[in-house]
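Engineer: Fold the stuff below for me.
(one chain, ligands or ions: 1)
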Amino acid sequence: MKLGGKVAVVTGAGSGIGAASAVRFAAEGARVICADINEAAAKKTAEAIEKAGGQALEVRADVTSAVDNQALVDQTLAAWNRLDIFYANAGVPQSPLPIESVDEATFDRIMAVNVKGVFLGIRAVVPVMKRQKSGVILVTGSTAGHRPRPGLQVYAGSKGMVASMAKGIALELAPHGIRVVTIAPVATETPMLPTFMGKTAVDAADREAFVKTVPMGRLNTPEDLANAALFLASDDAAMVTGTVFEVDGGRCI
Ligand SMILES: NC(=O)c1ccc[n+]([C@@H]2O[C@H](COP(=O)([O-])OP(=O)(O)OC[C@H]3O[C@@H](n4cnc5c(N)ncnc54)[C@H](O)[C@@H]3O)[C@@H](O)[C@H]2O)c1
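Structural biologist: Okay, here's the model as predicted:
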């Protein structure tokens with residue numbers, strides 16, 4: 001068991017990458033708090049974990065709220081009295097648009113969830129990890145953060161910002177035994193994917209266009225990310241901090 005005895009909090013755990021990571025962490029022995037703005041979805045993930053013999057609890061939390069982030073930490077400590085792994089994964093996508101057509105509300109929402117949400121979550125968990133003198137913070141960035149696609153400029157900016165913020169925080173927290181890593185996925189088969197293509201569903205031509213940009217010849221599955229998150233959360237990655245860990249089939253080469 002790679003995460004035996006650990007307590008993990010995963011945001012955006014109701015779907016896609018967050019759900020797969022929560023399940024993977026639990027299968028490796030972690031007790032997992034499945035946090036999501038969609039409580040029913042978080043509950044579904046927690047139930048799947050318990051059905052498989054793991055331990056999980058669901059918490060409704062909007063990552064854009066400082067109050068919800070603190071409540072998430074408080075509920076984690078009330079349940080299991082520690083917090084070893086925080087995976088700031090919740091995020092929202094953008095539909096491709098020329099910059100002059102992007103409205104302020106779109107900018108504000110993407111920054112609120114993808115950037116402020118990560119900041120608020122990390123700020124809430126750090127005092128606990130400092131007390132424990134250990135911890136791992138993972139952030140879901142994106143290859144868009146350093147290899148953007150046209151029309152996704154605000155989303156790309158949000159992911160670039162969390163990657164550089166995570167590097168700064170990694171430096172700050174290294175003396176406390178806390179690692180901080182950004183995971184940068186290429187396009188991943190989750191409910192979010194069609195939005196990046198400006199669609200409500202992905203058709204064969206859309207998929208082909210994205211796949212062509214990935215040297216390994218396919219898109220990510222949520223499990224590809226869960227496997228990477230497991231490695232980075234475990235002691236196998238004890239000397240990995242501050243990096244942007246690409247899970248991209250070679251897209252960023
Ligand atoms: N799917 C991709 O192609 C792709 C590629 C690169 C990076 N990412 C990133 O991966 C992360 C996970 O996305 P996914 O692909 O699994 O998408 P998804 O839509 O399957 O899951 C996102 C989850 O986040 C939750 N969420 C949204 N806003 C929230 C909020 N304010 N508070 C709490 N929870 C909230 C949603 O309810 C949902 O359960 C995101 O940060 C996304 O930007 C996705």
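
Engineer: separation between the closest residue to the ligand within the stretch 51-200 of the chain and E100?
Structural biologist: Proximity of the stretch 51-200 of the chain to the ligand (C-beta to the nearest ligand atom) peaks at G91, 2.2 Å away. To be clear about C-beta, it is placed using only N, CA and C from the backbone, and glycine gets the same treatment. Relative to E100, G91 is positioned 24 Å away (C-beta to C-beta, to the nearest Å).

Engineer: neighbour count winner among the two?
Structural biologist: When G91 is set against E100 and neighbours are counted by other C-beta atoms under 10 Å, the residue ahead is G91, at 26 against 5.

Engineer: Quickly note the distance from the more buried one to R179.
Structural biologist: Distance from G91 to R179, by C-beta to C-beta: 21 Å.

Engineer: Would you tell me which residues of the stretch 151-253 of the chain are close to the ligand?
Structural biologist: Residues of the stretch 151-253 of the chain lying near the ligand by C-beta under 6 Å from any ligand atom: P185, A187, T188, T190, P191, M192, L193, F196.

Engineer: can you tell me which of those residues are in helices?
Structural biologist: The helices, defined by DSSP state H, take in L193, F196 from these.

Engineer: can you name the two of the residues of the stretch 151-253 of the chain next to the ligand that are farthest apart?
Structural biologist: P185 and P191 (14.3 Å; C-beta to C-beta).

Engineer: neighbour count winner among these two?
Structural biologist: Between P185 and P191, P185 has the larger neighbour count (other C-beta under 10 Å), namely 26 against 9.

Engineer: P194 reaches F210, doesn't it?
Structural biologist: No. Counting by C-beta atoms under 8 Å, F210 is not a contact partner of P194; they are 11.0 Å apart.

Engineer: Please give the centre-to-centre distance between stretch 234-251 and its chain.
Structural biologist: In terms of C-alpha atoms, centre = their mean, to the nearest Å, the centre of stretch 234-251 is found 13 Å from the chain centre.

Engineer: same thing with stretch 205-222?
Structural biologist: On the basis of C-alpha atoms, centre = their mean, stretch 205-222 sits 20 Å off its chain's mean C-alpha point.

Engineer: Please point out which parts of it sit buried.
Structural biologist: Residues of stretch 205-222 classed as buried by neighbour count (16 or more other C-beta atoms under 10 Å): D206, R207, F210, T213, V214, L219, N220, P222.

Engineer: same check, this time on stretch 84-101
Structural biologist: By 16+ other C-beta under 10 Å, the buried positions in stretch 84-101 come out as 84-94, 96-97.

Engineer: My read is that the residue of the stretch 51-200 of the chain closest to the ligand contacts N114, right?
Structural biologist: Yes. With contact defined as C-beta under 8 Å, G91 and N114 form a contacting pair (4.9 Å).

Engineer: Need the overlap of contacts for the two.
Structural biologist: Here G91 and N114 have S158 as joint contacts, going by C-beta atoms under 8 Å, 6 or more residues apart in numbering.
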